[in-house]
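1. Sequence and predicted structure are below.
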Amino acid sequence: MTTTSETVSYEIVDDVGLICLNNPPVNACGYSMRRGIFEAVKALGPKVQAIGIYGANRAFIAGADITEFGKPIAEPTMPEVCLALENCPVPTVAVMHGPTLGGGLEVAIAAQARVALPNLLTGFPEVTLGVLPGSGGTQRGPRLIGIRATLDLATSGRRIGADEALSLGLVDRIDEGEPREVALRFAEDAISGALATRRTAEITVQADRTALTEYANRMRKTQANLFAPHRIVECIALSTGDFTEGMDRERQGFFDCVASPQRAGLIHAFFAERAVAKIPIEDAIPRDIGSVGIVGGGTMGSGIATACLLAGLDVVLKEQHQRACDRALAAISKNLAGAVKRGKLTEDALANILNGKFKTTLEYADFSETDLVIEAVFEDLAVKAQVLQQLDTVVKLGGIIATNTSYLDVDELAQSTSRPDRVIGLHFFSPAHVMRLLEVVVGENTAPEVVVTGFALAKRLKKIAVWSGVCDGFIGNRILNHTRKVADYMIMDGATPTQVDRALKDFGFAMGPFSVLDLAGLDIGWAARKRRAPTRPPEERYVEIADRICEAGWFGRKTGRGYYIYGDGDPVENPDVFRIIEEERSNAGIAPRKLSDEEIVTRYLTAMASEAARVVADGVALRPIDVDAVELFGYGFPRHHGGPLHYADQVGIKTLIARIEEFATEDAYYWQVPELLRDMVEQDQVFADFN
Ligand code: 3H9
């Protein structure tokens, strides 16, 4: 083996040159790999009759190394590496196996033939990171598989397997074996002519104006806020022209994307999803969880049960009456039927679940064999404490008791059992079988083994678990409580709920805050406000609008009326809410003024970032990136803005402080700039430094 860089080596076997890529865990292609491939092709070209290229570990190439984006690029560049393979005087064959994504696929389609192994996972996910395929994907893709198929893959970021890749024409063959052995065999076939080879750049592209117009319109309609999808369509449109010119324009488009703040936000979100799994516990081993008990079969309990069943766990669900058990079973069956429809569950697996993997019960005693029991009963400290006490008497020694509280003190709840070390908060988000976030709330006594079990369970449920300390509302609802108040202040000051919702939706949120409140149920926040009333600082600006809406019996969607009225069509504004707002403004002596959408967004995000900073300063979140993950995966924060603390870094900490001070005159709640922010300015830090 001759090494050409730290991550690439080559060998010569008879007439064949084999290039081996080895940058664990996923062969991300950074400078070292680019140089290694480039040098290896150059060295082998004159010495062999064909070259095979493969990955030494579980991937061919998972893509360009995204940690290099935004930094100066050392040569050779990815397009140069691709050209070296394409223009090599002897045939080049790529073995596509495991993740072969983005730049990895581009390297493969620049080779002169491709063989896939059955475990192939390929596609152009660049759009999900705010960039476009920047090493020939938009030019070679259409030459190999046509304009429409390239538009589909590159604008959706969809990942496909070997069979679909073959049917599209992205690969020439599917075969089995070790990547090195397959590379050798097919390079020999390329020499003998058994495998046809050709230069992709020399293929003529069939024009497809219909597809281009269709996708351009679709992107304008569905991805209006995003930068990259439109550039992708533009670049693919150039593929019918001169190859080199298309490559140059693609390169320019790629750099424009890299320079966009959306790219930084989306890549931050990519790393956030992975960073949260790194928790400060090293030596604990998660307990094996084969069965889960659930107390409460309402929306939350049924959703949690569905998530567990979909993950193959046995579930026992307890309710108080048979009727409630039947209702839970009906809700879960409906959820599971939906999963079958979407291809997430087979008919056989569904039958299996309904024939024994899932049971309802009226007795706590039926939890005696379960490894972990999650209570999902009414959000009230006394009610939950009583359930935990009961569980303590039946759950086996060492068994874990979890509370799905969304606000309450997990430490206090733990004290209602004889095993506070086995108690943890598992805060699911509704609908629990759909939402990806799980806050793992770690109490002061929670044992490390219990914490790692919570994280392992989340992984099994395909959820993103984020560590949270104990505080009122944990990470997400604590911030929500704060931003909700600010949304209320803005409607008192002159905005309407619809304007606030629209402005924040335009910013990129999945829903505006008032629509979210209506969806979640206004009674939940009402109960929390009543609970907090005795400890509310007297100087805090308090808005009564939400309470008055609840007093009228309007709890949002579930009662058909809240900030909006819900009927058969789209929700419409509730005129009674306008009346309440006007009365409350007049009671408070406020003359309404016009708020611009920009002010609404700035004020809302300033509130969010300032409370997020406090969450970090209090140690409730492990790192700023954990707070961002909570907002991204549980609260619909726009992925391309990366999360509230990434946003804070983007606007600058000094600017954030100035904004907090500016709004302090309007909202007493902003009085204090979090000390952490002032310290950060003094030390010239940004939140990314803490991650
Ligand atoms: C591109 O290619 C642009 C080109 O068109 C143009 C260039 C000019 N870079 O996810 P995992 C890390 S854009 C750097 O936990 P899995 C990841 O952070 C790129 N690092 O494993 C993690 O690190 P850590 C297009 C990367 O088995 C570790 O690898 N490609 C990259 O669940 C393991 O990852 C993509 O968008 C990367 N490209 O999933 C593919 N990829 O251990 C992005 C991964 O320190 N990657 N890492 O936390 C993925 O989708 C998944 O990682 C993959 C493996 C499916 C590959």
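-> Done, it's in. Numbers count the residues shown, from 1 in each chain.

2. how far does stretch 102-122 sit from the chain's center?
-> Distance of stretch 102-122 from the chain centroid (CA atoms, centre = their mean, to the nearest Å) equals 26 Å.

3. Same question for stretch 330-344.
-> 23 Å.

4. now stretch 352-368
-> Mean-position distance between stretch 352-368 and its chain equals 32 Å (CA atoms, centre = their mean).

5. who's in contact with that stretch?
-> 293, 297, 305, 309, 313-322, 325-326, 328-329, 332-333, 336, 373, 390-391, 393-396 (CB atoms under 8 Å, 6 or more residues apart in numbering). In this view, the C-beta of every residue, glycine as well, is placed from N, C-alpha and C.

6. which of those count as buried?
-> Neighbour-count burial (16 or more other CB atoms under 10 Å) applied to the contacts of stretch 352-368 gives 293, 297, 305, 309, 313-319, 325, 328-329, 332-333, 336, 373, 390-391, 394-395.

7. Just the ones of those residues in strands?
-> Members of those lying in strands (criterion: DSSP state E): 293, 314, 315, 316, 317, 318, 373.

8. so who does the nearest residue to the second one once chain neighbours are set aside touch?
-> Distance criterion CB to CB, 6 or more residues apart in numbering; nearest residue to residue 314, sequence neighbours excluded, is residue 291 at 4.0 Å. For residue 291, the residues meeting the contact criterion (CB under 8 Å, 6+ apart) are 313, 314, 315, 316, 369, 370, 371, 372.

9. export those to TSV and tack on pLDDT and distance to residue 495?
-> Converted to TSV, those look like this (pLDDT from 0 to 100; distance: CB to CB, whole Å):
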residue	pLDDT	distance to residue 495
313	95	46
314	95	50
315	97	45
316	97	48
369	92	55
370	94	49
371	93	49
372	97	45
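
10. Closest one to the ligand out of the residues you listed, please.
-> residue 313 (21.1 Å; CB to the nearest ligand atom).

11. So which residues on the stretch 201-350 of the chain come close to the ligand?
-> Residues of the stretch 201-350 of the chain lying close to the ligand (CB under 6 Å from any ligand atom) are 254, 274.

12. Where do the helices of the stretch 201-350 of the chain begin and end?
-> Counting by DSSP state H, counting those that start in this stretch, the stretch 201-350 of the chain has helices at residues 209-222, 228-237, 243-259, 261-275, 299-310, 322-341, 347-352.

13. Kindly reformat those as CSV containing distance to residue 146 and mean pLDDT.
-> Shown next, in CSV, are the helices of the stretch 201-350 of the chain (distance: least, CB to CB, whole Å; pLDDT from 0 to 100):
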stretch, distance to residue 146, mean pLDDT
helix 209-222, 8, 97
helix 228-237, 10, 98
helix 243-259, 15, 98
helix 261-275, 27, 97
helix 299-310, 36, 96
helix 322-341, 30, 96
helix 347-352, 35, 90
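
14. Throw those into a markdown table and include distance to residue 580, thanks.
-> Formatted as a markdown table, those follow (distance: least, CB to CB, whole Å):
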| stretch | distance to residue 580 |
| --- | --- |
| helix 209-222 | 35 |
| helix 228-237 | 41 |
| helix 243-259 | 46 |
| helix 261-275 | 37 |
| helix 299-310 | 27 |
| helix 322-341 | 33 |
| helix 347-352 | 47 |
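
15. Please identify which of the contacts of residue 291 is nearest to residue 589.
-> Distances from residue 589 to the contacts of residue 291, taken as CB to CB, are shortest for residue 372 (53.8 Å).

16. From residue 424, how far off is that closest one?
-> Separation of residue 372 from residue 424 (CB to CB, to the nearest Å): 9 Å.

17. so where's this protein uncertain?
-> For the chain, applying pLDDT under 70 flags the ranges 665-671.

18. which bits of this structure sit near the ligand?
-> Proximity of the chain to the ligand, by CB under 6 Å from any ligand atom, involves residues 25-26, 28, 62-67, 78, 99, 101-103, 106, 125-126, 129, 131, 133-135, 137, 254, 274.

19. Pull out the buried residues from these.
-> If you count burial by 16+ other CB under 10 Å, the buried members of the residues of the chain next to the ligand come out as 26, 28, 62-66, 78, 99, 101-103, 106, 125-126, 129, 131, 133-135, 137, 254.

20. Which ones among these map onto helices?
-> Using DSSP state H, the subset of these located in helices is 78, 103, 106, 137, 254.

21. From what I see, the fourth one and residue 126 are in contact.
-> By that I understand residue 137. Yes - if you go by CB atoms under 8 Å, residue 137 and residue 126 touch, sitting 7.5 Å apart.

22. Need the residues touching each of those two.
-> 102, 154.

23. Tell me which helix or strand comes right after the helix or strand containing residue 482.
-> Assignment of secondary structure by DSSP states H and E places residue 482 within helix 476-493. Sequence order places helix 497-507 as the next helix or strand after helix 476-493, per DSSP H and E.

24. Tell me the buried residues in that next one?
-> In terms of neighbour count (16+ other CB under 10 Å), helix 497-507 has its buried residues at 497, 498, 499, 500, 501, 502, 503, 504, 505, 507.

25. and the gap between the closest residue to the second one other than its chain neighbours and residue 355?
-> Leaving aside its sequence neighbours, residue 498 sits nearest to residue 573 (CB to CB, 6+ apart; 5.6 Å). Distance of residue 573 to residue 355, given as CB to CB: 48 Å.

26. For the two, work out which one has more neighbours and name it.
-> Higher neighbour count among residue 573 and residue 355: residue 573, with 13 against 8, using other CB atoms under 10 Å.

27. quick one: contacts for that one?
-> 496, 497, 498, 563, 564, 565.

28. Give me the phi and psi angles of residue 407.
-> The phi and psi values for residue 407, taken as degrees, to the nearest 10, are phi -140, psi -30.

29. what about it, how many residues close to it?
-> By the criterion of other CB under 10 Å, residue 407 has 20 neighbours.

30. Tell me which residues touch it, please.
-> Going by CB under 8 Å, 6+ apart, residue 407 touches 379, 472, 473, 474, 477, 528.

31. wait, doesn't the second one sit right on residue 532?
-> So the one you mean is residue 472. Yes - using CB under 8 Å, residue 472 is in contact with residue 532, at 7.5 Å.

32. For residue 95, which three-state class applies?
-> strand (DSSP: H, G, I helix; E, B strand; the rest coil).

33. List the beta-bridge partners for it.
-> Residues in a beta bridge with residue 95, per DSSP bridges, are residue 115.

34. For it, give its distance to the ligand.
-> Per CB to the nearest ligand atom, to the nearest Å, residue 95 is found 17 Å from the ligand.

35. Residue 347 now?
-> Applying CB to the nearest ligand atom, one obtains 29 Å for the distance of residue 347 from the ligand.

36. Which residue is the nearest non-sequential neighbour of that residue?
-> Closest residue in space to residue 347, ignoring its immediate chain neighbours: residue 340 at 6.2 Å, by CB to CB, 6+ apart.

37. dump the residue contacts of that neighbour.
-> 346, 347, 350 are the contacts of residue 340 under CB under 8 Å, 6+ apart.

38. Also residue 151?
-> With contact set as CB under 8 Å, 6+ apart, residue 151 has these partners: 211, 212, 215, 232, 233, 236.

39. which SSE is it in?
-> helix 147-156.

40. so that helix versus helix 228-237, what angle?
-> Angle, helix 147-156 to helix 228-237, by axes from the mean of the first three to the mean of the last three CA atoms, to 10 degrees: 160 degrees.

41. buried ones in whichever helix or strand comes after helix 147-156?
-> Downstream of helix 147-156, the next assigned helix or strand under DSSP H and E is helix 162-168. Buried residues in helix 162-168, counted by 16+ other CB under 10 Å: 162, 164, 165, 166, 168.

42. again, but for stretch 366-380
-> 366, 367, 370, 371, 372, 373, 374, 375, 376, 377, 379.

43. State whether the third one is indeed within a helix.
-> Translated: residue 370. No - counting by three-state DSSP, residue 370 is not found in a helix; it is coil.
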